[in-house]
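Q: Quick one: sequence plus predicted model below, questions after.
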Amino acid sequence: MRLFSLLTASTLALFVSPSFASSPLGTVVIETSNTASANLVQPYRCVMVDPNIQDKPVTRIEISPYRPDSGIECTFYKDPQCHSSHSHSYTLHEGSHTFKRRFLVSSFKCVESDRDDEFL
């Protein structure tokens, strides 16, 4: 848990930089049983997951928007190029998501979402 807090704090510190102020959507933290990786996400940009995480089951994903009044929707792929058959991709909204079943992630891409659609 302490590792997660440190990763989140260090990633959010990037938002203070003027070069990042207008474009990022938020952060995505991906955790396995023994490691975590924090990623700054931009709209529609494919993010390759840290190689130390790619072949390990994900236990938790935390999606945090940059702006509190905005929403984020991220699609996670088993394939490292953000392309998979429908059965090998999974879409999540902002928030904390835990996984009890085996869930592997090699890449992901995020977009801004309308919070009104979140629970349809």
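A: Okay, I see it.
Q: What residues of stretch 97-114 count as buried?
A: 97, 103-110, 113 (16 or more other CB atoms under 10 Å). Placement of C-beta: from N, CA and C, glycine included.
Q: Including secondary structure and pLDDT, could those residues go into CSV?
A: Below are the buried residues of stretch 97-114 laid out as CSV (DSSP: H, G, I helix; E, B strand; the rest coil; pLDDT from 0 to 100):
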residue, secondary structure, pLDDT
H97, strand, 98
F103, coil, 93
L104, coil, 93
V105, coil, 94
S106, coil, 94
S107, strand, 95
F108, strand, 96
K109, strand, 96
C110, strand, 96
S113, strand, 88
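Q: of all the residues you listed, which two lie farthest apart?
A: L104 and S113 (23.8 Å; CB to CB).
Q: any idea how far K109 is from L92?
A: Separation of K109 from L92 (CB to CB, to the nearest Å): 12 Å.
Q: Common neighbours of these two, please.
A: C74 (CB atoms under 8 Å, 6 or more residues apart in numbering).
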